[in-house]
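Trainee: Generate coordinates for the sequence data below:
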Amino acid sequence: MALKTTHAVALCAVLLAGGCSFAEDTLFPSLSFGGSSNSNTTDAGAASFSPPAVGVSNFDPPGVTAGANTGTYVGQKVISLRNDLQQLQFQLGQHNQALQGIRGETVQDSQRYHGTVAAINARLQVGTTPGNPILTQQWNGAQGELDRINEDVLKMTRLSNEVTATSALSGYLVESVRAARQLSGAVDEDHRQLRILEDETNRTVVLIDRLLTELAIDVNRQQAYVSTERQNLNTLALAIKNGQLYGASFNARTNAAYAPAYDTAAPMAAPRAAVSSVSAETPLVTIRFDRPNVNYESALYTAVKGAMDRRPGAVFEVVGVAGTGNSPGAQALGSSAAIRNSENVVRSLITMGLPQSRIRQSQTTSASAGNGEVLVFVR
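Mentor: Presented below is the predicted three-dimensional model:
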């Protein structure tokens, strides 16, 4: 994909050498987004919204193919790497079990919380005395239940940190498997087993990256939810004090902060094909993954914040660009890296607080991409 600048004032500021650059807002196409609604209609009894959905994906490890010992030095290396991959997948399985357990607890805690709040609202709606001690006791119970939901969010955050550490190990394992293919003294069977091992390692890495992405979505949504519900409880406390039913807090009226961020029927769909018009546009950010551990997040945050300041309704498309490669194997590896890099950028945007509903993801190839790039466009 050849990227061409179509404006005479096309200026890109390089923020990180070999890493990240962004285009000025003057280069953005003039877009109009859906008009905002002026309707102030609210349900007076809806002092609390429904709890946000958590992710539904399972991240079961794909398994490791057994192989025969060839007796060569490289064969011994293959056995060692295979054991490392089995250990990596064991950790992934533990992370998956922990995630499913936390999600179950979150759903149960949310149901109890909303049941208590609904009971308070029902009593207020039919009328009650100011400062009713029964409602005050129920309110205290709701406060404790919301604290438990907040603890669930903290568990998700701790799990995310653990998965991040596992992700770093997975990246090291990928490089180790690739390096083993360059060792001398191997027989054909060694290289055949290494190819299988490399494919299974790449699939495991992609699964770990998707687990991190979905965790980031869950944490971001649940944090917004807890913050909004604390505002609702403050309003509900005032309603109990006066014995009158109020609506949701003003802060909670913008419920989009924790609206469902992805399709629960297909929560982690594969990136769609890039549209042909991308080649004629100038990206907001270009992140070049030409070395390990590219530090792009600060520049990405600055660029996206500037774009949102100018266009509050902006949608951002993250495009993973793979090099064309000299062989089908190199092209496959480049495509896998492009998906992984774009997943990392999407996860960074979500962690920065950008709703998943305002992020699109796609993939393409370019002869000029080298070791791979990720482009971020404003839509």
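
Trainee: any chance you could map the helices in the stretch 151-300 of the chain?
Mentor: Secondary structure of the stretch 151-300 of the chain (DSSP state H, counting those that start in this stretch): helices at 188-242, 297-310.

Trainee: What are the buried residues along the last one?
Mentor: Looking back up the chat, that one is helix 297-310. Neighbour counts over helix 297-310 (16 or more other CB atoms under 10 Å) mark 297, 299-301, 303-304, 307 as buried. C-beta here means a position set from N, CA and C on the backbone, and glycine is covered the same way.

Trainee: which residues of the stretch 151-300 of the chain score low on pLDDT?
Mentor: 246-280 (pLDDT under 70).

Trainee: Report the next helix or strand after the helix or strand that contains Ile339 in sequence order.
Mentor: Using DSSP states H and E, Ile339 maps to helix 328-351. The C-terminal neighbour of helix 328-351 among helices and strands, as given by DSSP H and E, is strand 359-366.

Trainee: Partner strands of that next one, with direction?
Mentor: Strand 359-366 has the following sheet partners, assigned by DSSP bridges: strand 272-273 (parallel), strand 316-323 (parallel).

Trainee: quick one, the helix holding Ile339 and strand 316-323 angle?
Mentor: Interaxial angle, helix 328-351 versus strand 316-323 (axes from the mean of the first three to the mean of the last three CA atoms, to 10 degrees): 160 degrees.

Trainee: quick check: mean pLDDT across helix 328-351?
Mentor: For helix 328-351, mean pLDDT is 84.

Trainee: ok, residues contacting that helix?
Mentor: With contacts defined as CB atoms under 8 Å, 6 or more residues apart in numbering, helix 328-351 is touched by 202, 205-206, 209-210, 212-213, 216-217, 220, 271, 287, 289, 296-297, 300, 304, 316, 318-325, 356, 359, 361, 363, 365, 369, 371-372, 374, 376.

Trainee: just the CA coordinates of it, formatted as PDB?
Mentor: Written as PDB, here are the backbone C-alpha positions of helix 328-351 (Å, rounded to 0.1, in the frame of the first residue of the first chain):
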ATOM      1  CA  PRO A 328       5.100 -17.000   1.700                       C
ATOM      2  CA  GLY A 329       6.600 -17.900   5.100                       C
ATOM      3  CA  ALA A 330       7.900 -14.300   5.600                       C
ATOM      4  CA  GLN A 331       4.500 -12.900   4.500                       C
ATOM      5  CA  ALA A 332       2.700 -15.100   7.000                       C
ATOM      6  CA  LEU A 333       5.100 -14.000   9.800                       C
ATOM      7  CA  GLY A 334       4.600 -10.400   8.800                       C
ATOM      8  CA  SER A 335       0.800 -10.700   8.800                       C
ATOM      9  CA  SER A 336       0.900 -12.300  12.300                       C
ATOM     10  CA  ALA A 337       3.200  -9.400  13.600                       C
ATOM     11  CA  ALA A 338       0.900  -6.800  12.000                       C
ATOM     12  CA  ILE A 339      -2.200  -8.300  13.800                       C
ATOM     13  CA  ARG A 340      -0.300  -8.400  17.100                       C
ATOM     14  CA  ASN A 341       1.000  -4.900  16.800                       C
ATOM     15  CA  SER A 342      -2.400  -3.500  15.900                       C
ATOM     16  CA  GLU A 343      -3.900  -5.400  18.900                       C
ATOM     17  CA  ASN A 344      -1.300  -3.700  21.100                       C
ATOM     18  CA  VAL A 345      -2.200  -0.200  19.800                       C
ATOM     19  CA  VAL A 346      -6.000  -0.900  20.200                       C
ATOM     20  CA  ARG A 347      -5.300  -2.000  23.800                       C
ATOM     21  CA  SER A 348      -3.300   1.100  24.400                       C
ATOM     22  CA  LEU A 349      -6.200   3.300  23.200                       C
ATOM     23  CA  ILE A 350      -8.700   1.400  25.300                       C
ATOM     24  CA  THR A 351      -6.500   1.800  28.400                       C
END
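
Trainee: Now that helix: buried residues?
Mentor: By 16+ other CB under 10 Å, the buried positions in helix 328-351 come out as 333-351.

Trainee: Next: stretch 367-379.
Mentor: Within stretch 367-379, the residues scored as buried using 16+ other CB under 10 Å are 369, 372-379.

Trainee: out of the residues you listed, who's nearest Pro62?
Mentor: Set against Pro62, the nearest of the buried residues of stretch 367-379 by CB to CB is Gly372 (23.2 Å).

Trainee: Just the buried residues of the contacts of helix 328-351.
Mentor: Those of the contacts of helix 328-351 that meet the buried threshold are 202, 205-206, 209-210, 212-213, 216-217, 220, 271, 287, 289, 296-297, 300, 304, 316, 318-323, 325, 356, 359, 361, 363, 365, 369, 372, 374, 376, by 16+ other CB under 10 Å.
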